[in-house]
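Visitor: heads up, no residue letters with this:
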């Protein structure tokens, strides 16, 4: 049976970010990008990211993925999803993952820029998403900046692959080391010359990591 990988995009990006990886791996491995229901997010939910994860369970479970993953917010949501899926994946692929508490300076800097620019202009300049969804995008970013998912991270099981680009300007090595300390045993892949969006910048190297993860699991 053809294994399936489900990947969640970073905030402000569409699942098409993963098309290059799909082109490399298919038909041996199916790669499915699942986007966020930005038109229908309950912004009044007491835990916005938990609520979003609940909404993603059904579209992800429909593919019975052997592996789930994502970049940045997409990776962070994987911590919340693994316990919710009726059939837990065999592994997770965490590309430039968040989850550890954001530093005070970074958090206040981002929130300050959001306040100074306004949500629409902030999204246009810094997230690159559809400004029609500026309110939802900024709410999700605030929730991610305020979150501490280290307890959930520590409970991950199965194969864990962490991917980080050495030229990442959003999550530096010091922050990535904090993330890694919160995770169980994992494989760390530092991609030289790659920035925050490894799947788009180095799809061949990310595809090789996915291929290896699934081959190891099926061996």
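Guide: That came through fine. Treat the numbers as computed from the prediction; the structure is a model and nothing was measured.
Visitor: quick one, what contacts residue 158?
Guide: By C-beta atoms under 8 Å, 6 or more residues apart in numbering, the contact list for residue 158 reads 88-92. From N, CA and C alone the C-beta is placed, and that goes for glycine too.
Visitor: Just the pLDDT at it, thanks.
Guide: pLDDT, the model's per-residue confidence, is 92 for residue 158.
Visitor: repeat for residue 218
Guide: The predicted local confidence for residue 218 is 46.
Visitor: Kindly report the domain assignment for this structure.
Guide: Using automatic domain parsing, the domain parsing of the chain gives 4-101+148-218, 104-146.
Visitor: right, so those: which one is the most enclosed?
Guide: For the domains of the chain, ranked by mean neighbour count under the definition mean count of other C-beta atoms under 10 Å, the leader is domain 4-101+148-218 at a mean of 18.
Visitor: Going by length in residues, pull out the top strand of the chain.
Guide: As assigned by DSSP state E, the longest strand anywhere in the chain is strand 159-165.
Visitor: rewinding a little: inside strands: which ones of the contacts of residue 158?
Guide: 91-92.
Visitor: Residues in contact with the helix or strand residue 199 falls within: which ones?
Guide: Per DSSP states H and E, residue 199 falls inside helix 198-201. Outside of helix 198-201, the residues within contact range by C-beta under 8 Å, 6+ apart are 7, 17-18, 20-21, 71, 95-96, 163-165, 191, 194-195, 205-206.
Visitor: mean pLDDT for the domains of the chain: which is lowest?
Guide: Among these, domain 104-146 scores lowest, with a mean of 90.
Visitor: Show me where the protein has its strands.
Guide: 4-8, 30-33, 67-71, 91-95, 159-165, 187-191.
Visitor: Same list, those, but as a markdown table with distance to residue 109 please.
Guide: A markdown table is the format used below for the strands of the chain (distance: least, C-beta to C-beta, whole Å):
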| stretch | distance to residue 109 |
| --- | --- |
| strand 4-8 | 25 |
| strand 30-33 | 30 |
| strand 67-71 | 21 |
| strand 91-95 | 23 |
| strand 159-165 | 21 |
| strand 187-191 | 25 |
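Visitor: how far off strand 187-191 does the lengthiest helix in the chain point, in degrees?
Guide: Criterion DSSP state H: the longest helix present in the chain is helix 203-218. Relative orientation of helix 203-218 versus strand 187-191 (axes from the mean of the first three to the mean of the last three C-alpha atoms, to 10 degrees): 170 degrees.
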